[in-house]
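Undergrad: Please find the sequence and the predicted model below.
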Amino acid sequence: MHSAQSSISKLTKLCEISSVEVGQHFYWQMGSFQVHAQVLITSWVVIAILLGLAISATRNLQAIPTGGQNFVEYILEFIRDLTRTQIGEEEYRPWVPFIGTMFLFIFVSNWSGALFPWRIFELPHGELAAPTNDINTTVALALLTSVAYFYAGLRKKGLSYFGKYIQPTPVPLPINILEDFTKPSSLSFRLFGNILADELVVAVPISLVPLVVPIPMMFSGLFTSAIQALIFATLAAAYIGESMEGHH
(Lines give C-alpha, C1' and ligand atoms only; values in the text may rest on other atoms or scores of the structure.)
Protein backbone atom coordinates (compact mmCIF):
# COMPACT_ATOMS: atom_id res chain seq x y z
CA MET A 1 0.00 0.00 0.00
CA HIS A 2 2.78 2.38 0.90
CA SER A 3 4.58 1.52 -2.35
CA ALA A 4 1.46 2.30 -4.40
CA GLN A 5 0.99 5.66 -2.65
CA SER A 6 4.66 6.48 -3.24
CA SER A 7 4.29 5.69 -6.96
CA ILE A 8 1.18 7.84 -7.24
CA SER A 9 3.00 10.70 -5.48
CA LYS A 10 5.92 10.46 -7.90
CA LEU A 11 3.56 10.49 -10.91
CA THR A 12 1.80 13.56 -9.50
CA LYS A 13 5.13 15.37 -9.13
CA LEU A 14 6.06 14.47 -12.71
CA CYS A 15 2.77 15.91 -13.95
CA GLU A 16 3.46 19.12 -12.03
CA ILE A 17 6.94 19.36 -13.56
CA SER A 18 5.57 18.82 -17.07
CA SER A 19 3.25 21.81 -16.65
CA VAL A 20 6.11 24.18 -15.81
CA GLU A 21 6.89 26.83 -18.49
CA VAL A 22 10.04 28.83 -18.99
CA GLY A 23 9.05 32.50 -19.07
CA GLN A 24 5.62 33.87 -19.94
CA HIS A 25 3.75 33.40 -23.19
CA PHE A 26 0.99 35.31 -24.92
CA TYR A 27 -1.62 32.80 -26.12
CA TRP A 28 -4.35 32.90 -28.74
CA GLN A 29 -7.24 30.48 -28.43
CA MET A 30 -8.00 28.78 -31.77
CA GLY A 31 -10.83 26.36 -31.24
CA SER A 32 -9.68 23.86 -28.65
CA PHE A 33 -6.00 24.74 -29.15
CA GLN A 34 -3.76 27.37 -27.60
CA VAL A 35 -0.98 28.80 -29.76
CA HIS A 36 1.94 31.07 -28.93
CA ALA A 37 0.75 34.35 -30.40
CA GLN A 38 4.13 36.09 -30.23
CA VAL A 39 5.70 33.41 -32.43
CA LEU A 40 2.93 33.72 -35.02
CA ILE A 41 3.23 37.53 -35.05
CA THR A 42 6.98 37.56 -35.61
CA SER A 43 6.76 34.72 -38.16
CA TRP A 44 4.18 36.69 -40.15
CA VAL A 45 6.48 39.72 -40.08
CA VAL A 46 9.35 37.61 -41.46
CA ILE A 47 7.10 36.13 -44.17
CA ALA A 48 5.90 39.64 -45.10
CA ILE A 49 9.52 40.82 -45.43
CA LEU A 50 10.38 37.91 -47.73
CA LEU A 51 7.25 38.36 -49.85
CA GLY A 52 7.84 42.11 -50.10
CA LEU A 53 11.44 41.56 -51.21
CA ALA A 54 10.41 38.98 -53.81
CA ILE A 55 7.58 41.09 -55.23
CA SER A 56 9.55 44.34 -55.37
CA ALA A 57 12.58 42.69 -56.97
CA THR A 58 10.62 40.80 -59.65
CA ARG A 59 7.98 43.38 -60.52
CA ASN A 60 9.87 44.65 -63.56
CA LEU A 61 12.29 41.95 -64.71
CA GLN A 62 15.12 42.97 -67.01
CA ALA A 63 17.32 40.89 -69.33
CA ILE A 64 20.33 42.52 -67.69
CA PRO A 65 19.53 42.53 -63.94
CA THR A 66 20.16 45.61 -61.85
CA GLY A 67 19.48 46.68 -58.29
CA GLY A 68 17.05 44.48 -56.38
CA GLN A 69 16.71 41.96 -59.21
CA ASN A 70 20.47 41.48 -59.27
CA PHE A 71 20.51 40.92 -55.49
CA VAL A 72 17.67 38.36 -55.61
CA GLU A 73 19.28 36.49 -58.51
CA TYR A 74 22.54 36.32 -56.55
CA ILE A 75 20.67 34.77 -53.60
CA LEU A 76 18.92 32.31 -55.91
CA GLU A 77 22.20 31.27 -57.50
CA PHE A 78 23.74 30.74 -54.06
CA ILE A 79 20.82 28.52 -53.00
CA ARG A 80 20.96 26.57 -56.28
CA ASP A 81 24.69 25.91 -55.82
CA LEU A 82 24.15 24.77 -52.24
CA THR A 83 21.32 22.42 -53.25
CA ARG A 84 23.22 21.05 -56.25
CA THR A 85 26.28 20.32 -54.16
CA GLN A 86 24.35 18.32 -51.54
CA ILE A 87 21.71 16.57 -53.66
CA GLY A 88 23.40 16.12 -57.01
CA GLU A 89 23.16 17.52 -60.53
CA GLU A 90 20.29 15.31 -61.69
CA GLU A 91 17.92 15.60 -58.73
CA TYR A 92 18.48 19.01 -57.19
CA ARG A 93 16.11 21.24 -59.18
CA PRO A 94 12.77 20.25 -57.55
CA TRP A 95 14.30 20.84 -54.12
CA VAL A 96 15.61 24.37 -54.68
CA PRO A 97 12.33 26.02 -53.50
CA PHE A 98 12.22 23.94 -50.31
CA ILE A 99 15.87 24.48 -49.36
CA GLY A 100 15.64 28.14 -50.35
CA THR A 101 12.54 28.69 -48.22
CA MET A 102 14.20 27.05 -45.23
CA PHE A 103 17.39 29.07 -45.61
CA LEU A 104 15.70 32.45 -46.17
CA PHE A 105 13.11 32.02 -43.40
CA ILE A 106 15.76 31.02 -40.84
CA PHE A 107 18.20 33.69 -42.02
CA VAL A 108 15.69 36.56 -41.85
CA SER A 109 14.26 35.24 -38.56
CA ASN A 110 17.71 35.10 -36.97
CA TRP A 111 18.67 38.56 -38.19
CA SER A 112 15.35 40.01 -37.08
CA GLY A 113 16.15 38.88 -33.55
CA ALA A 114 19.56 40.56 -33.70
CA LEU A 115 18.54 43.81 -35.43
CA PHE A 116 14.88 44.49 -34.79
CA PRO A 117 13.87 45.93 -31.37
CA TRP A 118 11.02 43.48 -30.78
CA ARG A 119 10.90 44.25 -27.06
CA ILE A 120 9.62 47.81 -27.55
CA PHE A 121 6.24 46.29 -28.46
CA GLU A 122 4.44 45.39 -25.26
CA LEU A 123 2.20 42.33 -24.96
CA PRO A 124 -0.20 41.35 -22.16
CA HIS A 125 2.15 38.46 -21.38
CA GLY A 126 5.63 37.58 -22.59
CA GLU A 127 7.57 39.51 -25.22
CA LEU A 128 8.28 39.39 -28.93
CA ALA A 129 11.48 37.75 -30.17
CA ALA A 130 12.87 36.03 -33.25
CA PRO A 131 10.69 33.08 -34.39
CA THR A 132 13.72 30.77 -34.16
CA ASN A 133 14.09 31.74 -30.51
CA ASP A 134 11.12 29.43 -29.81
CA ILE A 135 11.65 25.67 -29.69
CA ASN A 136 8.28 25.09 -31.36
CA THR A 137 9.46 26.85 -34.52
CA THR A 138 12.75 24.98 -34.78
CA VAL A 139 11.06 21.62 -34.11
CA ALA A 140 8.49 22.36 -36.82
CA LEU A 141 11.26 23.21 -39.32
CA ALA A 142 13.15 20.03 -38.40
CA LEU A 143 10.02 17.88 -38.78
CA LEU A 144 9.38 19.42 -42.21
CA THR A 145 12.90 18.39 -43.17
CA SER A 146 12.24 14.84 -41.94
CA VAL A 147 9.05 14.62 -43.99
CA ALA A 148 10.93 15.95 -47.01
CA TYR A 149 13.73 13.37 -46.94
CA PHE A 150 11.32 10.48 -46.29
CA TYR A 151 9.24 11.70 -49.22
CA ALA A 152 12.31 12.01 -51.43
CA GLY A 153 13.48 8.48 -50.62
CA LEU A 154 10.05 6.87 -51.05
CA ARG A 155 9.42 8.76 -54.28
CA LYS A 156 12.65 7.49 -55.82
CA LYS A 157 12.86 4.01 -54.36
CA GLY A 158 9.35 3.08 -53.27
CA LEU A 159 9.06 0.74 -50.30
CA SER A 160 12.55 -0.55 -51.05
CA TYR A 161 13.72 2.68 -49.40
CA PHE A 162 13.25 1.00 -46.03
CA GLY A 163 15.76 -1.66 -47.07
CA LYS A 164 18.51 0.71 -46.02
CA TYR A 165 17.72 -0.09 -42.38
CA ILE A 166 18.91 -3.69 -42.77
CA GLN A 167 21.86 -3.12 -45.10
CA PRO A 168 24.41 -4.60 -45.20
CA THR A 169 23.14 -6.64 -42.23
CA PRO A 170 20.05 -6.45 -39.98
CA VAL A 171 22.25 -6.12 -36.88
CA PRO A 172 22.36 -2.26 -36.85
CA LEU A 173 18.58 -1.99 -37.43
CA PRO A 174 17.87 -0.28 -34.04
CA ILE A 175 20.71 2.18 -34.58
CA ASN A 176 19.53 3.01 -38.11
CA ILE A 177 15.99 3.65 -36.84
CA LEU A 178 17.30 5.76 -33.96
CA GLU A 179 19.31 7.84 -36.44
CA ASP A 180 16.12 9.05 -38.13
CA PHE A 181 14.85 10.28 -34.76
CA THR A 182 18.10 12.03 -33.85
CA LYS A 183 18.31 13.97 -37.12
CA PRO A 184 15.32 16.27 -36.47
CA SER A 185 16.12 16.62 -32.78
CA SER A 186 19.70 17.58 -33.60
CA LEU A 187 18.56 20.12 -36.20
CA SER A 188 15.99 21.72 -33.92
CA PHE A 189 18.06 21.92 -30.72
CA ARG A 190 21.18 23.15 -32.52
CA LEU A 191 19.31 26.06 -34.10
CA PHE A 192 17.26 26.90 -31.01
CA GLY A 193 20.22 26.68 -28.62
CA ASN A 194 22.53 28.85 -30.70
CA ILE A 195 19.95 31.57 -31.37
CA LEU A 196 18.83 31.69 -27.74
CA ALA A 197 22.45 31.86 -26.57
CA ASP A 198 23.26 34.67 -29.01
CA GLU A 199 20.30 36.76 -27.86
CA LEU A 200 21.24 36.24 -24.19
CA VAL A 201 24.88 37.14 -24.84
CA VAL A 202 23.80 40.42 -26.44
CA ALA A 203 20.97 41.16 -23.99
CA VAL A 204 23.14 41.07 -20.86
CA PRO A 205 25.73 43.70 -21.97
CA ILE A 206 22.96 45.90 -23.40
CA SER A 207 21.21 45.90 -20.03
CA LEU A 208 24.46 46.91 -18.32
CA VAL A 209 26.09 49.22 -20.89
CA PRO A 210 23.40 50.10 -23.44
CA LEU A 211 25.53 52.08 -25.91
CA VAL A 212 28.91 51.28 -27.48
CA VAL A 213 30.14 48.10 -25.78
CA PRO A 214 27.47 45.64 -27.07
CA ILE A 215 27.91 46.62 -30.75
CA PRO A 216 30.78 44.16 -31.51
CA MET A 217 28.73 41.39 -29.90
CA MET A 218 25.77 42.30 -32.10
CA PHE A 219 27.94 41.95 -35.22
CA SER A 220 29.13 38.60 -33.91
CA GLY A 221 25.52 37.59 -33.43
CA LEU A 222 24.70 38.52 -37.02
CA PHE A 223 27.54 36.35 -38.28
CA THR A 224 26.52 33.41 -36.09
CA SER A 225 22.88 33.78 -37.16
CA ALA A 226 23.84 33.59 -40.83
CA ILE A 227 26.02 30.54 -40.19
CA GLN A 228 23.18 28.75 -38.39
CA ALA A 229 20.84 29.33 -41.35
CA LEU A 230 23.49 27.98 -43.71
CA ILE A 231 24.13 24.91 -41.53
CA PHE A 232 20.43 24.07 -41.29
CA ALA A 233 19.87 24.41 -45.05
CA THR A 234 23.04 22.43 -45.86
CA LEU A 235 22.10 19.57 -43.53
CA ALA A 236 18.52 19.51 -44.84
CA ALA A 237 19.80 19.23 -48.42
CA ALA A 238 22.36 16.60 -47.39
CA TYR A 239 19.67 14.45 -45.73
CA ILE A 240 17.48 14.67 -48.83
CA GLY A 241 20.42 13.76 -51.06
CA GLU A 242 21.31 10.86 -48.78
CA SER A 243 17.77 9.46 -48.99
CA MET A 244 18.04 9.37 -52.80
CA GLU A 245 21.52 7.84 -53.01
CA GLY A 246 21.97 5.35 -55.81
CA HIS A 247 19.77 7.31 -58.19
CA HIS A 248 22.15 10.08 -59.27
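TA: That came through, no problem.

Undergrad: For residue 48, give me its contacts.
TA: Under the criterion of Cβ atoms under 8 Å, 6 or more residues apart in numbering, the contact list for residue 48 is empty. Every C-beta, even on glycine, is put in place using the N, C-alpha and C of the backbone.

Undergrad: That one falls within a helix, correct?
TA: Yes. Checked against DSSP: H, G, I helix; E, B strand; the rest coil, residue 48 lies within a helix.

Undergrad: Give me the pLDDT value at it.
TA: Reported pLDDT at residue 48 in the predicted model: 94.

Undergrad: Offset the numbering so it begins at 15, please.
TA: Happy to do that; since the first residue is 15 now, the last one works out to residue 62.

Undergrad: And it, how close does it get to residue 75?
TA: Using Cβ to Cβ, to the nearest Å, one gets 22 Å for the distance from residue 62 to residue 75.

Undergrad: doesn't residue 238 make contact with residue 125?
TA: No. With contact defined as Cβ atoms under 8 Å, residue 125 does not reach residue 238; the gap is 10.7 Å.

Undergrad: Let me see the contact set for residue 257.
TA: By Cβ under 8 Å, 6+ apart, the contact list for residue 257 reads 163-164, 166-167, 170, 175.

Undergrad: For the protein, spot the helix or strand the model is least confident about on average.
TA: helix 16-32 (a mean of 46; mean pLDDT, DSSP states H and E).

Undergrad: so which helix or strand takes in the residue lying closest to residue 238 once chain neighbours are set aside?
TA: With sequence-adjacent residues excluded and distances taken as Cβ to Cβ, 6 or more residues apart in numbering, residue 238 is closest to residue 212, at 5.4 Å. Per DSSP states H and E, residue 212 falls inside helix 187-222.

Undergrad: Heading C-terminal from that helix, find the next helix or strand.
TA: Following helix 187-222 in sequence, per DSSP H and E, is helix 229-257.

Undergrad: buried ones in that next one?
TA: For helix 229-257, a neighbour-count test (16 or more other Cβ atoms under 10 Å) marks 231, 235, 238-240, 242-243, 246-251, 253-255, 257 as buried.

Undergrad: what does stretch 169-184 give?
TA: So for stretch 169-184, counting by 16+ other Cβ under 10 Å, buried means 171, 175.

Undergrad: Any regions of this protein where pLDDT drops low?
TA: Within the chain, the stretches with pLDDT under 70 are 15-41, 131-133, 135, 137-140, 216-232, 260-262.

Undergrad: Next up, phi/psi of residue 181, please.
TA: Main-chain torsions, residue 181, degrees, to the nearest 10: phi -110, psi 140.

Undergrad: Against residue 195, how distant is it?
TA: To residue 195, residue 181 is 19 Å away according to Cβ to Cβ.

Undergrad: With residue 85 instead?
TA: Shown here: residue 85 relative to residue 195, a distance of 39 Å by Cβ to Cβ.

Undergrad: Please apply the same query to residue 148.
TA: Residue 148 is 21 Å from residue 195, by Cβ to Cβ.

Undergrad: So these two - more neighbours on which side?
TA: The neighbour comparison of residue 148 against residue 195 (other Cβ atoms under 10 Å) goes to residue 148, with 21 against 10.

Undergrad: Excluding chain neighbours, what is closest to that one?
TA: residue 53 (4.7 Å).

Undergrad: was I right about the one you found contacting residue 153?
TA: No. Assessed by Cβ under 8 Å, residue 53 is found out of contact with residue 153, at 11.6 Å.

Undergrad: which of these two has more neighbours?
TA: The neighbour count for residue 53 versus residue 153, taken as other Cβ under 10 Å, is higher for residue 53 (23 against 17).

Undergrad: For that one, what are phi and psi?
TA: phi -70, psi -40.

Undergrad: ditto for residue 103
TA: The phi and psi values for residue 103, taken as degrees, to the nearest 10, are phi -60, psi -40.
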